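Chemist: quick one: sequence and predicted model below, then my questions.
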Amino acid sequence: MTVNQKRSASRTADDSEQRTMNYGKEKIAVYRTYASPLEGIRTIPESSFDGRDNTLFGLDVRVQVDGEAFLPSFSEGDNSTVVATDSMKNFVLHQAGEYEGATIEGFLEFVGSQFLDTYSQMESIQLSADEIPFEERDVPSEDGFEDSGLVFRQSHNESGFGEIYLERSEDGPVIADHISGVTDIELVKVKGSSFTDYVQDEYTTLPEREDRALHITLDIFWTYAESADALGTDPERYVPAEQVRDIAQVVFHEVDSNSIQDLIYQIGLRVLERFPQLESVSFEANNRTWIQERDLDGDAKVLKEPPRPTGFQQFSMDHSDLEEMSE
């Protein structure tokens with residue numbers, strides 16, 4: 001279970017006086033060409049990312065709706081208030097053509113508000129989406145190569161993530177919860193990482209490593225102090241997934257970490273330092289470190305895939321961690 005899935009589960013658990021009752025549609029693939037570009041992003045030292053054309057905007061969307069009006073559909077087989085999940089899919093696809101913004105979170109908030117405005121029986125709605133990333137391809141030009149502008153290749157690298165939870169209020173739909181993220185980051189550092197000084201007892205077989213090739217996968221999530229900043233309406237306060245990804249890889253390059261725990265803490269500090277508008281940042285990391293098969297001349301090694309099972313780390317932090325480090 002990922003961090004964002006746990007947040008969703010905890011929201012249900014906190015509301016324990018109410019029964020669990022919702023339904024929805026998932027795996028809604030949405031593609032929009034020539035969406036609004038993401039411009040006006042504040043740049044940071046760790047990243048060259050300063051915006052996105054959004055020529056091809058792809059999302060894998062999940063919709064979940066709640067409301068007491070749906071109880072008869074469960075208890076009596078009465079579907080008179082039920083919006084078919086196929087209709088939900090069509091609704092999302094239609095709104096993709098109406099959305100004028102440039103971010104995942106902004107799109108989810110727009111679609112969720114439209115759902116609540118259209119269907120009075122829906123009391124609240126949760127929408128999440130994983131970006132379906134595409135990479136623009138190079139083509140020959142007079143000066144060498146340049147972006148095609150027309151041809152893209154689907155990427156299987158990291159992707160952006162967003163989740164918005166909307167409730168009704170007297171003034172219309174309001175954001176009750178949100179989370180943004182970048183998932184499936186996969187990084188390898190060939191040297192400059194160690195793992196030493198851990199508990200040694202009768203169960204310990206793992207040798208200490210003063211210098212190892214460290215291979216990790218990483219999901220990073222964050223929340224804003226002001227949820228409106230997540231929408232990208234003010235681009236200078238929006239945190240792009242690409243910049244958080246770049247911070248992770250730069251810190252990985254710079255820090256001689258003694259563990260994955262040490263590494264993600266340093267990444268978190270840098271993210272909070274660069275983006276004071278964030279409330280929190282959280283991690284789910286997995287250790288995929290290869291096993292040394294042969295030691296060759298110099299730094300060269302022959303490595304092999306690690307055996308199962310694999311280790312993981314989860315951690316969350318906020319500005320109190322940053323303040324503690326500065327004291």
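Modeler: It's in.
Chemist: straight-line length of stretch 62-75, end to end?
Modeler: The straight-line separation of the ends of stretch 62-75 (CA to CA, to the nearest Å) is 25 Å.
Chemist: what mean pLDDT does that stretch have?
Modeler: When pLDDT is averaged along stretch 62-75, the result is 97.
Chemist: residues contacting that stretch, please?
Modeler: 21-28, 78-83, 85, 88, 92, 111, 115, 119, 121-129 (CB atoms under 8 Å, 6 or more residues apart in numbering). The C-beta positions use only the backbone N, C-alpha and C, and glycine is treated the same way.
Chemist: in PyMOL, select just the buried ones from these.
Modeler: Applying 16 or more other CB atoms under 10 Å to the contacts of stretch 62-75, the buried members can be selected in PyMOL as follows:
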select buried, resi 23+24+25+28+81+82+83+88+92+111+115+119+122+124+125+126+127+128+129
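Chemist: in helices, which of the contacts of stretch 62-75 fall?
Modeler: Judged by DSSP state H, helices contain the following of the contacts of stretch 62-75: 85, 88, 92, 111, 115.
Chemist: not counting sequence-adjacent ones, nearest residue to Ile164?
Modeler: Nearest residue to Ile164, sequence neighbours excluded (CB to CB, 6 or more residues apart in numbering): Leu108, at 4.3 Å.
Chemist: can you give me the helices for the stretch 151-300 of the chain?
Modeler: For the stretch 151-300 of the chain, the helices defined by DSSP state H, counting those that start in this stretch occupy 241-254, 260-274.
Chemist: that older thread, may I ask which two of the ones in helices among the contacts of stretch 62-75 are separated the most?
Modeler: Within those, two members stand farthest from each other by CB to CB: Thr85 and Val111, at 14.5 Å.
Chemist: re earlier: tabulate the ones in helices among the contacts of stretch 62-75 (a markdown table), appending pLDDT and distance to Ser194.
Modeler: A markdown table is the format used below for those (pLDDT from 0 to 100; distance: CB to CB, whole Å):
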| residue | pLDDT | distance to Ser194 |
| --- | --- | --- |
| Thr85 | 98 | 50 |
| Met88 | 98 | 50 |
| Val92 | 98 | 47 |
| Val111 | 98 | 47 |
| Phe115 | 98 | 51 |
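Chemist: now those residues in JSON lines, please, with extra columns for distance to Thr289.
Modeler: Formatted as JSON lines, the ones in helices among the contacts of stretch 62-75 follow (distance: CB to CB, whole Å):
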{"residue": "Thr85", "distance to Thr289": "42"}
{"residue": "Met88", "distance to Thr289": "42"}
{"residue": "Val92", "distance to Thr289": "40"}
{"residue": "Val111", "distance to Thr289": "40"}
{"residue": "Phe115", "distance to Thr289": "44"}
